[in-house]
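Novice: Please find the sequence and the predicted model below.
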Amino acid sequence: MKQNEGVETSFEELVESNATYKKVVEAVKSIKRSMAQHKQQKGKRAPRLSIAAVAEKAGIERKTIYNNAPLLNWLQTKIALLSEQKKVKAEVAVTTEEALDELPTNSMRTIQSLRERIKTEKEKNRILVGKMSELKLEQQMYKQRIADLEDFIAGHNEEKVVKLKRQSD
């Protein structure tokens, strides 16, 4: 990520320099681990990745997250990516089940070819999910950059108005 006149700071730099960011990142990792472990357990309610859950796990108030634009954008992106990944995994599971239902019961060749096809489709899905997550993060960065530039332009325009008023007086 390029540095443009101090307007933009990478999220990684913010995490390194701010204890609140570190707490939030650790809370997200912890919740994701809990979600992964939950798949192995039965009868318990699945943990969810949400702003409230992250704030509680990090030991901070939700308004701290909501008042911090880069942190909020990062967290919303993580939540969106996780939900998209869940959708893709569910679609792959449905596709896999449908493919297995279509199998002739006595053809080992067909079974093997379908297994290979499923394997390649899963690989394609994994690659697409990775690309999608990169694009979502890039989109968030551009949105933040646009907002920063709009603020900069607004401040610059206000300075011009003040100078013009002084000159006309």
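Specialist: Structure received. Residues are numbered from 1 along each chain as shown.
Novice: Output stretch 138-157 as CSV, nothing but the C-alphas.
Specialist: The C-alpha coordinates for stretch 138-157 follow below in CSV (Å, rounded to 0.1, in the frame of the first residue of the first chain):
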residue,chain,number,x,y,z
GLU,A,138,-9.2,-3.6,-1.8
GLN,A,139,-12.7,-2.2,-2.2
GLN,A,140,-12.7,-1.2,1.5
MET,A,141,-9.3,0.4,1.1
TYR,A,142,-10.5,2.4,-2.0
LYS,A,143,-13.7,3.5,-0.2
GLN,A,144,-11.6,4.7,2.8
ARG,A,145,-9.2,6.5,0.4
ILE,A,146,-12.1,8.2,-1.4
ALA,A,147,-13.6,9.4,1.9
ASP,A,148,-10.2,10.7,3.0
LEU,A,149,-9.7,12.6,-0.3
GLU,A,150,-13.2,14.0,-0.1
ASP,A,151,-12.5,15.3,3.5
PHE,A,152,-9.2,16.8,2.2
ILE,A,153,-10.9,18.5,-0.7
ALA,A,154,-13.7,19.9,1.5
GLY,A,155,-11.1,21.3,3.9
HIS,A,156,-9.1,22.8,1.1
ASN,A,157,-12.3,24.4,-0.4
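Novice: tell me which residues in it are buried?
Specialist: Q140, M141, Q144 (16 or more other Cβ atoms under 10 Å). From N, CA and C alone the C-beta is placed, and that goes for glycine too.
Novice: How far off centre is the helix or strand hosting V94?
Specialist: Per DSSP states H and E, V94 falls inside helix 69-101. Centre-to-centre, helix 69-101 and its host chain are 10 Å apart (Cα atoms, centre = their mean, to the nearest Å).
Novice: Which elements pack onto that helix?
Specialist: helix 11-17, helix 19-38, helix 51-58, helix 62-66, helix 108-168 (3 or more Cβ pairs under 8 Å, 6 or more residues apart in numbering; DSSP states H and E).
Novice: May I see those organised as JSON lines, with mean pLDDT added?
Specialist: Formatted as JSON lines, the helices and strands packed on helix 69-101 follow (pLDDT from 0 to 100):
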{"stretch": "helix 11-17", "mean pLDDT": "66"}
{"stretch": "helix 19-38", "mean pLDDT": "78"}
{"stretch": "helix 51-58", "mean pLDDT": "86"}
{"stretch": "helix 62-66", "mean pLDDT": "88"}
{"stretch": "helix 108-168", "mean pLDDT": "86"}
